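# output the structure for:
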Amino acid sequence: MAAPKFVQGESVLQFSKGLRYPLSKPIERRQALDRDAGGGLQVEDLGVTIRRRTLSFTNLPLADYTASINWYENVAQGALNQFTYHDENGDTMQVLWTSSVYDFQETAYQKFSGTIEIEVVG
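All right, here's what the predicted structure looks like:
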């Protein structure tokens, strides 16, 4: 499994370790659901599919932790800027960082654990 990588123009964040399993890749189909008077299900398809990724890290080294904070604050600027995500299989996708709070815990000396929520754009 390859370590994840973020790229935006000349800015690159290459993590030194892979993600923690299990990996979460939820897919949400946006639909309005309701029941009619006879109890039948009525579905209106809104035509939107949302694909998310939860990137979980355990014992992330200090250098990766510091670089990811810099990415969150200065490159992605929270959810403001899109970037390219290279996943564990080498697949690439345009994403937004959707975690509204950067909250990693120091679980050992200069080792950090936490999650990053991203959403695939388009």
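
# what about the helices in this structure?
62-70 (DSSP state H).

# which residues of this structure fall in strands?
5-8, 11-14, 27-35, 41-61, 83-86, 92-97, 105-108, 111-120 (DSSP state E).

# of all the ones you listed, which one is nearest residue 77?
strand 92-97 (8.6 Å; C-beta to C-beta). Using the backbone N, CA and C atoms, a C-beta is placed for each residue, glycine as well.

# report the angle between the axes of the closest one and strand 41-61?
Calculated by axes from the mean of the first three to the mean of the last three C-alpha atoms, to 10 degrees, strand 92-97 forms an angle of 90 degrees with strand 41-61.

# possible to save the strands of the chain as TSV with mean neighbour count?
Below are the strands of the chain laid out as TSV (neighbours: other C-beta atoms under 10 Å):
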stretch	mean neighbour count
strand 5-8	18
strand 11-14	15
strand 27-35	10
strand 41-61	13
strand 83-86	19
strand 92-97	18
strand 105-108	10
strand 111-120	18
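
# including mean pLDDT, could these go into CSV?
Shown next, in CSV, are those (pLDDT from 0 to 100):
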stretch, mean pLDDT
strand 5-8, 98
strand 11-14, 97
strand 27-35, 92
strand 41-61, 93
strand 83-86, 98
strand 92-97, 98
strand 105-108, 98
strand 111-120, 97
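
# got TSV for those strands, with distance to residue 73 too?
Output for those, formatted as TSV (distance: least, C-beta to C-beta, whole Å):
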stretch	distance to residue 73
strand 5-8	13
strand 11-14	12
strand 27-35	28
strand 41-61	17
strand 83-86	13
strand 92-97	10
strand 105-108	18
strand 111-120	13
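
# much appreciated, bye for now.
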